[in-house]
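Peer 1: Next input, structure requested:
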Amino acid sequence: MAYKTVFTPINKKKYIGSEKEIRCRSLWERQFCKYLDENKNVVQWGYECLHIPYRILNENKNRTYIPDFIIKTNNNDKLEISVIEIKPFRQTKSPNSRKRKNIQECLTYAMNDSKWNYAKQFCEDRGWKFRILTERELFDV
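Peer 2: Model prediction:
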């Protein structure tokens, strides 16, 4: 079962939305919330507040992707907007690159790959950045 908790920001003016809505789905997300709340270069941030429409290849159905974070940062006096997804590294690689795989892994990867491609285009169209952070980036593994 996934870890779930409510994170309450100290710097409430930086958070987009109500702090009652910050229900972290992992310890990694919770740690990232704390980082965003305390980082002086983060001007604003929100958790699961952005909706990006997407479609899965060979599926005639509109879907909505809700990335984990949207962040506005002050980078050398230039405001930047980034959309961040937090995932385990193993979920960011195609199951075809592994010796053992199952159908569910393949379906999950196909859905994530589609979401991320739409998110990259969505962000690019707006001059934003899209990043997937794994334990490698979060913890300098």
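Peer 1: To which secondary structure element is residue 46 assigned?
Peer 2: Using DSSP states H and E, residue 46 sits within strand 42-47.
Peer 1: Please name every helix or strand in contact with that strand.
Peer 2: In terms of contacts (3 or more CB pairs under 8 Å, 6 or more residues apart in numbering; DSSP states H and E), strand 42-47 is packed against helix 27-38, strand 69-75. All C-beta atoms are positioned from the backbone trio N, CA, C, and that covers glycine.
Peer 1: how about the residue nearest to residue 127 when sequence neighbours are not counted, secondary structure?
Peer 2: The spatial neighbour of residue 127 that comes closest, neighbours along the chain excluded (CB to CB, 6 or more residues apart in numbering), is residue 81 at 7.7 Å. Classification of residue 81 using DSSP: H, G, I helix; E, B strand; the rest coil returns strand.
Peer 1: ok, what's across the strand from residue 81?
Peer 2: residue 72 (DSSP bridges).
Peer 1: just checking, it touches residue 75?
Peer 2: No. Assessed by CB atoms under 8 Å, residue 81 is found out of contact with residue 75, at 10.6 Å.
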